[in-house]
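Student: The sequence and its predicted three-dimensional model are supplied below.
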Amino acid sequence: QKEVEQNSGPLSVPEGAIASLNCTYSDRGSQSFFWYRQYSGKSPELIMFIYSNGDKEDGRFTAQLNKASQYVSLLIRDSQPSDSATYLCAGFVGDTGRRALTFGSGTRLQVQP
Amino acid sequence: EAGVTQFPSHSVIEKGQTVTLRCDPISGHDNLYWYRRVMGKEIKFLLHFVKESKQDESGMPNNRFLAERTGGTYSTLKVQPAELEDSGVYFCASSQDVGGRRRSPLHFGNGTRLTVT
């Protein structure tokens, strides 16, 4: 089992819809989770980070963390064509201070105009 | 505030040659990471510096890769001799953890695209 797992997609949604991106992780001790957006040929760009169970909202983005079920999700409301990119879920899996940030393979999102 | 900068942005070398990549982290960031993304694969961790010390180099693929961070500022990653499978995008990232179990986000540079022919 991969330490951080994502569906590679593509996930296709119409403009204005809600895009829901999901991620699971294997290590129950993981504490910190991040969503990055990566446009083709560019570097990963931080979108959200979440540490506690529940929801965290920032503009059109909401990150959700459920430690009991070991999943993290990202909701994008009012999706725009400019949101089309690969979304990377990442976590510091394992004990804090002993492991580096581990990435999932990314989910490609396509927002159709 | 300047972000993480990497040099060069692209490098094309022949198999057997040597290449050195450079990363300048965000000023004041003690943590510096190297990652690599090969075609079609996920971003993979290579190693982690805390200041000038190697905290974790478990991701380094083999002894052809050598990373240094003299003085705890910029870092270099040397590949010698380069092989075809070393082609990919090498990302550098930095962070400044404030302590505790919550870890700070990593800030990434634009990457160096390495092509070995």
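Tutor: That came in fine, so what should we check first?
Student: Tell me which stretches of the chain form strands.
Tutor: With no chain named, the answer covers chain A. Ranges of strands in chain A, per DSSP state E, are A:4-6, A:11-14, A:19-25, A:33-38, A:45-50, A:54-58, A:61-66, A:71-76, A:85-91, A:102-103, A:107-112.
Student: please go with chain B instead
Tutor: For chain B, applying DSSP E gives strands covering B:5-7, B:10-13, B:19-24, B:31-37, B:44-50, B:53-56, B:65-68, B:75-79, B:88-95, B:107-108, B:112-116.
Student: Adding mean pLDDT, write these out as JSON lines.
Tutor: Below are the strands of chain B laid out as JSON lines (pLDDT from 0 to 100):
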{"stretch": "strand B:5-7", "mean pLDDT": "97"}
{"stretch": "strand B:10-13", "mean pLDDT": "97"}
{"stretch": "strand B:19-24", "mean pLDDT": "98"}
{"stretch": "strand B:31-37", "mean pLDDT": "95"}
{"stretch": "strand B:44-50", "mean pLDDT": "93"}
{"stretch": "strand B:53-56", "mean pLDDT": "91"}
{"stretch": "strand B:65-68", "mean pLDDT": "97"}
{"stretch": "strand B:75-79", "mean pLDDT": "98"}
{"stretch": "strand B:88-95", "mean pLDDT": "96"}
{"stretch": "strand B:107-108", "mean pLDDT": "96"}
{"stretch": "strand B:112-116", "mean pLDDT": "97"}
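Student: so which of the ones you listed comes closest to residue A:5?
Tutor: Between residue A:5 and the strands of chain B, the tightest spacing by C-beta to C-beta is seen for strand B:44-50, at 14.8 Å. For every residue, glycine as well, the C-beta is placed using N, CA and C.
Student: Parallel or antiparallel, which strands does that closest one pair with?
Tutor: Partners of strand B:44-50 in the sheet, by DSSP bridges, are strand B:31-37 (antiparallel), strand B:53-56 (antiparallel).
Student: Could you give the bridge partners of the residue nearest to the spatial centre of chain B?
Tutor: Chain B has residue B:34 as the residue nearest its centroid, 2.7 Å off, counting by C-alpha atoms, centre = their mean. In this entry, residue B:34 is beta-bridged to residue B:47, residue B:92, by DSSP bridges.
Student: For residue A:59, see how far away it is.
Tutor: From residue B:34 over to residue A:59 the distance is 31 Å, taken as C-beta to C-beta, to the nearest Å.
Student: coming back round to it: need the contact list for the residue nearest to the centre of chain B.
Tutor: B:23, B:45, B:46, B:47, B:67, B:75, B:77, B:90, B:91, B:92 (C-beta atoms under 8 Å, 6 or more residues apart in numbering or on different chains).
Student: try residue B:49
Tutor: Residue B:49 neighbours (C-beta under 8 Å, 6+ apart): B:31, B:32, B:33, B:55, B:67, B:69, B:72, B:75.
Student: No further questions, thank you.
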